[in-house]
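1. A predicted structure for the sequence below; I have some questions about it.
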Amino acid sequence: MPLMTRALAELIGTFWLVLGGCGAAVYAAGVPEVGIGYLGVAFAFGLTVLTMAYAIGHISGCHLNPAVSLGLAVGGRFPFADLPVYIIAQVLGAIAAAFLIWFVAADMGLHKEGQATFALAANSLAVNGYDQLSPQGYGLVSALVTEIVMTAMFLFIILGVTDKRGTAVAGGLAIGLALTLIHLISIPVTNTSVNPARSTGPALALLTGGQGLATAQLWLFWVGPMVGATLAGLVYRLFETKNPA
């Protein structure tokens, strides 16, 4: 499959991940009495990966995440030469979805008093962050450790599920449920990234609205997931079958 074709599939898939996951958080999580809350958002992210795994897995591998692409490359499952194109496509898909979420949310309408129901705040659009941007006020160190560990476990699961010795037919289900569990653990800490593209889209959308705090903290959501993915890629190589000399 040509690289640009695969990259287009990654762009569409990452667009769906951010639209589904962050969109659920923005539109549905906090609706009075019927909001889906943390549990619903966690399942929304998991379902985006599950559905796209079967839609584009045979085209691009359904990475949807620069950290996943890097971890697979370190693990020997993906060519390093293709990394830049995949990452660019993933980030563009995430940005497009974030701006669409912002556009729809900004048109919520008016209160009876005539006041707008949606205004961009520093923590709008399901951005990732620590300190003021952490849903429960966790600090930088907690956020960094959480992102490293959660991403490492996510990649370890992906590498195991996609191992030729594994049960590939259920791979999409296992990976989607893994992302759901990761969100259930870490939404209170960082709003859960484990995906630099997912973090970049909402942060840039907020920046255009004059809210730059998420962009200032964005470095952590590149460093943490990329470090975690690299560690997982290296560790999983210990479990690879060695050919006898």
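-> Alright, I've got the coordinates.
2. on the pLDDT front, check the residue sitting nearest the centre point of the chain for me.
-> Nearest to the geometric centre of the chain sits Asn195, at 3.8 Å (CA atoms, centre = their mean). pLDDT, Asn195: 98.
3. does it touch Leu64 like I think?
-> Yes - applying CB atoms under 8 Å, one finds Asn195 in contact with Leu64, separated by 7.4 Å. (Each C-beta comes from the backbone N, C-alpha and C, glycine too.)
4. tell me, what's touching these two both at once?
-> Overlap of the contact sets of Asn195 and Leu64 (by CB atoms under 8 Å, 6 or more residues apart in numbering) consists of Leu17.
5. Pro79: how many residues sit nearby?
-> The local packing of Pro79 (other CB atoms under 10 Å) involves 11 other residues.
6. any chance you could map the helices in the protein?
-> Along the chain, the stretches classed as helices by DSSP state H are 3-27, 37-60, 66-74, 83-105, 140-161, 171-190, 196-208, 213-216, 220-236.
7. got these as a markdown table, with distance to Gly129 columns?
-> Below are the helices of the chain laid out as a markdown table (distance: least, CB to CB, whole Å):
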| stretch | distance to Gly129 |
| --- | --- |
| helix 3-27 | 13 |
| helix 37-60 | 16 |
| helix 66-74 | 18 |
| helix 83-105 | 15 |
| helix 140-161 | 8 |
| helix 171-190 | 7 |
| helix 196-208 | 9 |
| helix 213-216 | 6 |
| helix 220-236 | 8 |
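8. nearest to Gln132, out of these?
-> Among the helices of the chain, the nearest to Gln132 by CB to CB is helix 213-216 (6.7 Å).
9. buried residues, that closest one. List them.
-> Neighbour counts over helix 213-216 (16 or more other CB atoms under 10 Å) mark Leu213, Ala214, Thr215 as buried.
10. and it, C-alpha only, in CSV?
-> Taking C-alpha atoms only, helix 213-216 is exported to CSV below (Å, rounded to 0.1, in the frame of the first residue of the first chain):
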residue,chain,number,x,y,z
LEU,A,213,-1.9,27.3,28.9
ALA,A,214,-2.6,23.9,27.2
THR,A,215,0.0,24.8,24.5
ALA,A,216,2.5,25.7,27.2
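11. who are the packing partners of that helix?
-> For helix 213-216, the packing partners by 3 or more CB pairs under 8 Å, 6 or more residues apart in numbering; DSSP states H and E come out as helix 196-208.
12. which residues touch the helix it packs on?
-> By CB under 8 Å, 6+ apart, the residues outside helix 196-208 that reach it are 14, 17-18, 21-22, 64-67, 87, 90-91, 93-99, 101-102, 120, 122, 124-128, 193, 212, 214-215, 217-218, 221-222, 225-226.
13. lovely, talk soon.
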